[in-house]
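Q: Quick one: sequence plus predicted model below, questions after.
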Amino acid sequence: MVGGGPAGMTLGLELARRGCDVVVVEQTGHFNRSFRGETISPDAVSLLARLGILESITAAGALVNRKMKLTEHGRTLLEVDFDDFPHRHRHPLDVPQPTLLAILEQEADRHTGFALLRNTSAIGLVESDGAVVGIRSRGPAGEQEIRARLTVGADGRYSKVLEMSGLRYRRTPLERDVVWLKLPAPPDWTSDTYHIRIAGGRHGLFIPTYPDLVRIGFNIPKGGLQTLRRAGLTGLHTRLDELAPELGDLVRGSIQSWSDTSVLDIFTSVVPQWSRPGLLLIGDAAHTLSPILGQGVSHALFDAMTLAPLLSEVLSKGRDEVTMAARQFQRIREPSVRRSRSLQLQQERMFTFSDPLRVLLRSTFYRSLNRNPWLKRRLLNNAFFQLQQSAGSSVT
Ligand SMILES: Cc1cc2nc3c(=O)[nH]c(=O)nc-3n(C[C@H](O)[C@H](O)[C@H](O)COP(=O)(O)OP(=O)(O)OC[C@H]3O[C@@H](n4cnc5c(N)ncnc54)[C@H](O)[C@@H]3O)c2cc1C
């Protein structure tokens, strides 16, 4: 496995549990990462429960998200109460990704077949007879070759394994980038509500973040960071005032340097074929999504948990069986990824509307949705409960 993010670590754990030998190669020496995959959708929560690690995660510290509120210039357009959904795991969770990854590692370490090589990067593929038979890596012990029956690229949105594999892909930049920052939670905000604020073609996500912070992501035009920076930090403060004027003092007190911010280049990637003999891509490497509606971790976990049983059956057999399992994996997983991507792109498009007529249409759409519980449930089921619906795990 190249990459010790949610996809690689979960696959490592699930294969080790099934008695397979696994090496996860991770380029960083730690799991510290910020602004990444912190809001986990209810479906991802159900997967953590299935993995048997949900209790450890909540014990280590997580925030339960009970409501989502979309407002425009202070007027509520849409309110979602996750308590209204009839599923066992109905609330998104905010979990620091280092917590998630550390617990996955702790579980995987119980199995003798599992090894995590930190500070180690994949720098090349080893090939034989047209198939990938391993990687070349560079780490504390220098360069080495690691041979494997299957090499899995779980190395995220800028996947080097994808680049090296020769597999075709299409990366589509969306119309915006996102600037992220964190503030102390405002004293009069509750920690269980996820706010989306829109103002014309601008929008911001205000997400309660463990332990007592609010994480803010607001859109700028694609490649617009230089322009924002030229206006200085005052420009950034003013920009946030448009979306959340009540946070003005907090923003000015907390964001005093550009290093308090982080920019995410938003794109989606479509890889028509996720595998070739000896190699398979999973997680963001196979299908980078937009951050809207927090879908990435869910798909990463579900990829790993779908793949592990398919692979463990065939790893001891021949290369052809492994290749067939890899193709079967893509057939199973792709429709769900496609559904999420199309829902995200629809929302992305609506959030970029700026001319008065389309802004009015958008407000009318969200208001009508808000008044129609059946429609609201249907749309949100697609976003957050795809998996629990199809598993029929709703409770009455
Ligand atoms: C700013 C931001 C905010 C996000 N917010 C959310 C959210 O709130 N909810 C949500 O569900 N999703 C969110 N996402 C998406 C989510 O983080 C990803 O979908 C998810 O982490 C994908 O998991 P992964 O394991 O496929 O890839 P990653 O998490 O990217 O992990 C890939 C790993 O591979 C390692 N790696 C890369 N190259 C190499 C190499 N050559 N050799 C060895 N190791 C390598 C990296 O260090 C990394 O640890 C966000 C993403 C970003 C960037």
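A: Alright, I've got the coordinates.
Q: Sticking with Leu264, tell me its helix or strand.
A: Leu264 belongs to strand 261-270 when assigned by DSSP states H and E.
Q: The ligand contacts on the stretch 51-200 of the chain?
A: Taking Cβ under 6 Å from any ligand atom as the measure of proximity, the stretch 51-200 of the chain contacts the ligand at 121-122, 154-157, 160, 180. From N, CA and C alone the C-beta is placed, and that goes for glycine too.
Q: And those residues, which two are furthest apart?
A: Ala122 and Trp180 (27.2 Å; Cβ to Cβ).
Q: Looking at these two, which is more packed in?
A: Set side by side, Ala122 and Trp180 give different neighbour counts by other Cβ atoms under 10 Å, the larger being at Ala122 (24 against 19).
Q: Can you tell me what sits against the helix or strand harbouring the more buried one?
A: Using DSSP H and E, Ala122 sits in strand 121-128. Contacting residues not belonging to strand 121-128 are listed as 2, 25, 27, 132-139, 143, 145, 147, 151, 155, 160-161, 164-165, 278-279 [Cβ atoms under 8 Å, 6 or more residues apart in numbering].
Q: pLDDT (mean, whole number) over that strand?
A: Averaging pLDDT along strand 121-128 yields 98.
Q: who does that strand pair up with?
A: Strand 121-128 sits in its sheet next to strand 131-139 (antiparallel), going by DSSP bridges.
Q: surely Trp274 meets Ala326?
A: Yes - with contacts counted by Cβ atoms under 8 Å, Trp274 reaches Ala326, the gap being 7.2 Å.
Q: Show me the common contact partners of the two, please.
A: A shared contact of Trp274 and Ala326, defined by Cβ under 8 Å, 6+ apart, is any residue touching both; here these are Leu280.
Q: Once you drop chain neighbours, what's closest to Val64?
A: With Cβ to Cβ, 6 or more residues apart in numbering as the measure, His91 is the residue that lies nearest to Val64, at 5.0 Å, once sequence neighbours are left out.
Q: For the one you found, list the residues it contacts.
A: 42, 45, 64-66, 82-83.
Q: State the pair within the residues you listed that is farthest apart.
A: The distance between the two most remote of the contacts of His91 (Cβ to Cβ) is 14.4 Å, for Val45 and Asp83.
Q: Which of those two has more residues huddled nearby?
A: Set side by side, Val45 and Asp83 show unequal neighbour counts under other Cβ under 10 Å, the larger going to Val45 at 29 against 9.
Q: Helices of the stretch 201-350 of the chain, start to end?
A: When assigned using DSSP state H, counting those that start in this stretch, the helices of the stretch 201-350 of the chain occupy the ranges 225-230, 232-243, 248-254, 296-314, 319-352.
Q: Output these in a markdown table, with mean pLDDT and distance to Thr364 appended to each entry.
A: Output for the helices of the stretch 201-350 of the chain, formatted as a markdown table (pLDDT from 0 to 100; distance: least, Cβ to Cβ, whole Å):
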| stretch | mean pLDDT | distance to Thr364 |
| --- | --- | --- |
| helix 225-230 | 89 | 31 |
| helix 232-243 | 93 | 21 |
| helix 248-254 | 94 | 30 |
| helix 296-314 | 97 | 30 |
| helix 319-352 | 94 | 12 |
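Q: Quick check: the nearest residue to Glu242 once chain neighbours are set aside vs Leu279, distance?
A: Nearest residue to Glu242, sequence neighbours excluded (Cβ to Cβ, 6+ apart): Ala199, at 5.2 Å. Remark: distance between Ala199 and Leu279 (Cβ to Cβ, to the nearest Å) = 45 Å.
Q: can you pull the contacts of the residue nearest in space to the middle of the chain?
A: The residue at the geometric middle of the chain, judged as the C-alpha nearest the mean C-alpha position with Cα atoms, centre = their mean, is Gly296 (2.4 Å). Neighbour list for Gly296: 37, 283-284, 288-289 [criterion: Cβ under 8 Å, 6+ apart].
Q: can you check Leu51 too?
A: Neighbouring residues of Leu51 by Cβ under 8 Å, 6+ apart: 10, 13-14, 107, 301, 305.
Q: Which of those residues are buried, as a ChimeraX select command?
A: The buried residues among the contacts of Leu51 can be selected in ChimeraX (16 or more other Cβ atoms under 10 Å) with this line:
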select :10,13,14,107,301,305
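Q: Let's have the contacts of Leu51 in a markdown table, adding distance to His237.
A: Below are the contacts of Leu51 laid out as a markdown table (distance: Cβ to Cβ, whole Å):
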| residue | distance to His237 |
| --- | --- |
| Thr10 | 39 |
| Leu13 | 43 |
| Glu14 | 45 |
| Glu107 | 43 |
| Leu301 | 37 |
| Met305 | 43 |
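Q: ok, of the contacts of Leu51, which one's closest to Leu101?
A: Minimum separation from Leu101 among those (Cβ to Cβ) is found for Thr10, which lies at 9.6 Å.
Q: Could you check the pLDDT of that closest one?
A: 98.
Q: Val24 and the ligand: what is the separation?
A: When Cβ to the nearest ligand atom, to the nearest Å is the yardstick, Val24 and the ligand sit 9 Å from each other.
Q: in which helix or strand would I find that residue?
A: Taking DSSP H and E as the criterion, Val24 maps to strand 22-25.
Q: In terms of secondary structure, what does that strand contact?
A: In terms of contact count using 3 or more Cβ pairs under 8 Å, 6 or more residues apart in numbering; DSSP states H and E, strand 22-25 is assigned the packing partners helix 6-17, strand 114-117, strand 131-139.
Q: CA atoms of it as PDB?
A: Listed in PDB are the C-alpha atoms of strand 22-25, where the atom choice follows Å, rounded to 0.1, in the frame of the first residue of the first chain:
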ATOM      1  CA  VAL A  22       0.700  -6.000   4.300                       C
ATOM      2  CA  VAL A  23       3.300  -3.200   4.100                       C
ATOM      3  CA  VAL A  24       2.000   0.400   4.200                       C
ATOM      4  CA  VAL A  25       4.500   2.900   3.000                       C
END
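Q: is it true that Gly29 touches Leu116?
A: No - distance between Gly29 and Leu116: 11.0 Å, which falls outside the contact criterion (Cβ under 8 Å).
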